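Student: Pasting the sequence and the predicted model now:
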Amino acid sequence: MTVPEGAPPAPSNGENDDGKKAEEEKEGPPLSADEATEQQQRQAVVAPLPLDWTRMNECDAEGVDTMPIRYPWDVFEIDPADDRLEVVGTHGQKITRMGGDLASRVSPDLTHLVLRSHLVRTMEGVAGMKKLEVLELYDNMVDELRELDGEGGFPGRGLKVLDISYNVIRDMGPVALCPNLQDLYIAQNKIKSIKGIKHLKLLRKIDLGANRIRVMDGNELSGLENLEELWLGKNKIEKIEGLSKLTKLRRLDVQSNRLTSVENLEAQVNTLEELYLANNGIEVEGAKRATGLALKFSKLSILDLTRNRLTDTTPFSHMTSLTDLWISGNDIKTFEDVEPLGALTELDSVYLEYNPVASEFEYRKKLAEIVPSLTQIDANMIGGLAQHGYASTGGGNLVERMRQMQEVAIQNALQQAEGQKPAAAQTEQGDGKSEEVEEDADGAKQHAADKTDEESPVSETETPIVKTEENGMSELNLPRVDFDKTQTVGSTRWMRLETLSYHVPPEENAVAGDASTPRKWDRVVRTTKQSETSIDAVVVLAILRNDVDDPTKDEIVCVRQFRPPVDGHTIELPAGLIDADEDPASAAEREFQEETGYVGKAVDVLPASYLSPGLTNESASLVRLEVDMTLERNRQIHNDQIQNSGLEGCERDRGLEKLLLPRVGLLGALNDLQRREGAKVFAALYSLALGMSVAEAVTARKDGRS
């Protein structure tokens with residue numbers, strides 16, 4: 001981003017500082033000591049952005065590693081009395097060494113040591129930390145677990161949480177030195193076999209996802225008598241086994257492996273609540289194994305078999321405790337294949353998209369008839385009436401829903417002609433009578449102007465609206481803002497809160513010359529906005545054509561990052577503010593390269609659109625870029641052969657990273673991310689996905705697939 005949120009003011013340029021200060025001192029009396037101190041505290045000094053860490057694994061001409069040596073105390077002021085040390089890589093200041101004397105520099109009562117997203121290769125300096133309970137080295141370059149058995153067996157004996165995910169560890173055996181572990185995370189490493197956990201009897205959760213494990217070792221798993229969650233996704237496992245002693249297991253994840261059947265779950269029949277088996281090769285017969293899904297699980301509520309090889313739903317007909325069933329991307333062809341789900345009276349949500357049956361005529365309506373308990377089909381909530389008076393769900397095809405809308409519109413027009421309340425503002429009651437929707441009195445006053453056209457019939461002799469030949473708009477008493485009366489309530493470096501004064505036509509029979517009614521409205525304005533009509537930002541749509549002969553392999557370039565206002569990670573399209581000397585096209589090309597590393601060329605630039613017009617006048621232009629995948633840089637970025645060094649400090653701090661999502665099935669992919677990770681999706685991206693989903697359905701109908 002050109003202007004990062006919450007960034008401090010930029011420092012001035014050296015030579016002219018003294019001259020500027022002298023001029024400022026001439027303008028007023030000298031500051032008091034307190035005022036000078038306060039002013040100094042407000043002035044942040046931004047050091048040059050250190051990018052030397054981007055040269056990791058590089059050597060000079062003599063073969064010497066060029067990686068700078070940087071210890072925790074070089075990037076963070078350690079308080080020797082603090083029982084927590086948490087340093088997350090920010091502004092390029094990456095720690096490269098923990099330091100062999102780290103224990104002597106921290107509190108002897110240290111309980112939490114968190115060095116996340118750095119470039120640490122060697123685990124050191126922790127031997128003898130007797131009070132340490134949480135050790136997190138997530139997202140580093142650690143290749144071996146060391147120093148867990150220091151003096152007295154510490155810190156290993158005291159650890160309750162160990163997180164070493166996203167490193168390059170090949171041997172997990174040393175975790176045996178941590179007998180009191182409760183949570184163990186070793187995802188995304190290079191582990192080939194499960195070792196060292198047999199005697200971790202207090203372990204409740206273990207994440208071994210995205211490794212190279214081929215076998216679920218029953219000997220190692222047998223000692224985990226209190227284990228509640230076992231995550232083994234994205235490995236090379238061919239068979240579920242070794243779980244006979246895990247009698248408290250509630251969640252099991254073996255998705256994205258090499259399973260062809262589900263079995264050996266007898267010990268979990270009364271405890272298992274969630275089972276994730278997506279992206280395997282499981283067929284109907286494999287799902288019906290007597291020791292697998294054929295069991296009568298008493299608590300199983302979530303079952304994920306997305307993208308397997310199922311041809312019908314018979315394996316689930318007896319699972320009466322299921323509330324969520326995800327079987328998208330299989331080969332279920334007909335409604336007869338779906339009918340076994342009718343026995344599941346507790347089933348609340350089902351995902352069947354990307355099965356042949358999902359292209360059938362009135363798919364959602366028929367599915368809702370088969371399973372009356374459903375409130376959600378794929379990404380669509382079903383049941384009930386919306387405020388506009390027609391069904392708010394997929395109950396019927398598009399033509400039927402449009403017919404409902406037309407009928408409601410005609411009914412509203414007739415009632416307005418008779419001076420009645422429109423049908424869309426009424427709710428049907430159980431006794432057949434209608435009752436007007438109650439409305440808060442203050443809200444009614446605030447929005448009276450918006451309701452004038454609905455509630456005040458106009459006779460043929462009255463002419464409340466006169467249109468000009470130039471613009472076709474009314475020249476009489478249109479709502480308008482009096483910007484001369486704008487009041488600033490408060491401001492920061494990046495945002496300003498304003499109260500606007502605007503006028504609306506009189507509530508009844510507005511005619512030329514009538515006095516208008518003054519109103520107030522609060523809004524947020526970016527301080528970087530140059531004028532009321534200027535465009536603030538760009539939002540970038542870029543589609544990677546990975547195979548010119550197969551459009552189903554196209555990918556949408558997105559970004560994932562932490563957003564403080566929503567206290568969570570969001571999935572967005574690349575975006576950013578437009579600099580003063582830029583047009584939307586050049587801003588989009590720059591932002592796209594900064595955030596993703598790809599080089600793109602603007603081919604379509606849309607006019608300004610407004611992201612949240614009830615709150616702010618911030619506007620954005622949607623720009624479509626073409627990305628030439630024959631360029632060497634784009635190929636290297638795509639294959640992760642080089643790293644993107646264009647991110648600014650606050651973007652790295654918030655973990656901004658590129659995310660490639662499939663163009664075909666984008667809506668389902670976003671729903672999966674939201675469901676699995678709790679990600680919050682940018683509204684424009686969701687709108688794009690919904691539009692693509694509708695287009696895919698229309699194309700399917702034209703091709704005769706429904």
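Tutor: In hand now; what should we look at?
Student: Quick check on R105: phi, psi?
Tutor: phi -100, psi -10 (degrees, to the nearest 10).
Student: Same check on L497?
Tutor: Backbone torsions for L497, taken as degrees, to the nearest 10, come to phi -100, psi 120.
Student: Give me the neighbour count for it.
Tutor: 14 (other Cβ atoms under 10 Å). (Glycine included, C-beta is placed from N, CA and C.)
Student: That one and L293: what is the separation?
Tutor: 56 Å (Cβ to Cβ, to the nearest Å).
Student: For N189, give its distance to D74.
Tutor: Here the criterion is Cβ to Cβ. By it, N189 lies 27 Å from D74.
Student: Then K94?
Tutor: As for K94, its distance to D74 is 10 Å (criterion: Cβ to Cβ).
Student: Could you do M495 as well?
Tutor: 34 Å.
Student: likewise N226?
Tutor: Separation of N226 from D74 (Cβ to Cβ) stands at 41 Å.
Student: coming back round to it: pick out whichever of K94 and D74 has more residues nearby.
Tutor: When K94 and D74 are compared for neighbours, K94 comes out ahead with 22 against 13, by other Cβ under 10 Å.
Student: what's the helix or strand for A700?
Tutor: Using DSSP states H and E, A700 sits in helix 683-702.
Student: wait, isn't N226 in contact with K205?
Tutor: No: N226 lies out of contact with K205 (Cβ atoms under 8 Å); the separation is 10.1 Å.
Student: neighbouring contacts of stretch 120-131?
Tutor: 83, 95-103, 106, 108-111, 113, 132, 135, 137, 140-152, 154-155, 158 (Cβ atoms under 8 Å, 6 or more residues apart in numbering).
Student: What's the end-to-end length of it?
Tutor: For stretch 120-131, the first-to-last residue distance is 22 Å (Cα to Cα, to the nearest Å).
Student: Can you mark which positions in it are buried?
Tutor: For stretch 120-131, the buried set under the neighbour-count rule, 16 or more other Cβ atoms under 10 Å, comprises V120, R121, T122, M123, E124, G125, V126, A127, G128, M129, K130.
Student: can you tell me which residues contact A588?
Tutor: V538, V540, G600, A602, V605, S621, V623, L625.
Student: Okay, it and V142: tell me how far apart.
Tutor: For A588, the distance to V142 (Cβ to Cβ) stands at 38 Å.
Student: same question, E133
Tutor: As judged by Cβ to Cβ, E133 and V142 stand 19 Å apart.
Student: how many neighbours does the spatially closest residue to E273 that is not a sequence neighbour have?
Tutor: Using Cβ to Cβ, 6 or more residues apart in numbering and skipping the chain neighbours, the partner closest in space to E273 is R250 (4.7 Å). Number of residues near R250 (other Cβ under 10 Å) recorded here: 18.
Student: Kindly report the same for P565.
Tutor: By the criterion of other Cβ under 10 Å, P565 has 7 neighbours.
Student: and if you look at S104?
Tutor: S104 has 11 neighbouring residues, counting by other Cβ under 10 Å.
Student: what's L221 in contact with, if anything?
Tutor: Applying Cβ under 8 Å, 6+ apart to L221 gives the contacts I194, I197, K198, L227, L230, G242, L243, K245, L246.
Student: Which of these fall within strands?
Tutor: When those are checked against strands (DSSP state E), the matches are L230.
Student: Q487 reaches T499, doesn't it?
Tutor: Yes: at 4.6 Å, Q487 and T499 qualify as touching, with contact defined as Cβ under 8 Å.
Student: now the end-to-end length of stretch 179-195.
Tutor: Taking Cα to Cα as the measure, stretch 179-195 stretches 13 Å from start to finish.
Student: Ok, stretch 149-167 next?
Tutor: Terminal residues of stretch 149-167 are spaced 21 Å apart (Cα to Cα).
Student: ok, now stretch 135-154?
Tutor: Taking Cα to Cα, the first and last residues of stretch 135-154 lie 12 Å apart.
Student: buried ones in it?
Tutor: 135-143, 145-150, 154.
Student: how far out from the middle of the chain is it?
Tutor: Centroid displacement of stretch 135-154 relative to its chain, using Cα atoms, centre = their mean, to the nearest Å, is 31 Å.
Student: The closest residue to K195 other than its chain neighbours: neighbouring residues, count only.
Tutor: Spatial nearest neighbour of K195, excluding adjacent residues (Cβ to Cβ, 6+ apart): G173 at 4.3 Å. Number of residues near G173 (other Cβ under 10 Å) recorded here: 14.
Student: Next up, the contacts around G173.
Tutor: Contact analysis of G173 by Cβ under 8 Å, 6+ apart lists L145, K195, G196.
Student: For the nearest residue to G196 once chain neighbours are set aside, give me the pLDDT.
Tutor: For G196, ignoring the flanking residues on the chain, the nearest one in space by Cβ to Cβ, 6+ apart is A176 at 3.8 Å. Per-residue confidence at A176 stands at 95 (pLDDT).
Student: buried residues in stretch 360-374?
Tutor: Across stretch 360-374, burial judged by 16+ other Cβ under 10 Å covers E360, E362, Y363, R364, K365, L367, A368, I370, V371, L374.
Student: how close does the closest residue to R307 other than its chain neighbours sit to L615?
Tutor: Spatial nearest neighbour of R307, chain neighbours left out: G329 (3.9 Å); criterion: Cβ to Cβ, 6+ apart. Separation of G329 from L615 (Cβ to Cβ) stands at 38 Å.
Student: Who has more neighbours out of these two?
Tutor: Neighbours were counted for G329 and for L615 using other Cβ under 10 Å; G329 has more, 22 against 11.
Student: is it true that that one touches N355?
Tutor: Yes: G329 is within contact range of N355, at 7.1 Å (criterion: Cβ under 8 Å).
Student: Spatially nearest residue to V175, not counting backbone neighbours?
Tutor: Nearest residue to V175 in three dimensions, chain neighbours excluded: G196, at 4.4 Å (Cβ to Cβ, 6+ apart).
Student: burial of that neighbour, as a residue count?
Tutor: Neighbours of G196 (other Cβ under 10 Å): 17.
Student: In contact with the closest residue to G218 other than its chain neighbours, which residues are there?
Tutor: Excluding its sequence neighbours, the residue lying closest to G218 (Cβ to Cβ, 6+ apart) is G242, at 3.1 Å. Residues in contact with G242, defined by Cβ under 8 Å, 6+ apart, are M216, D217, G218, N219, E220, L221, S222, N264.
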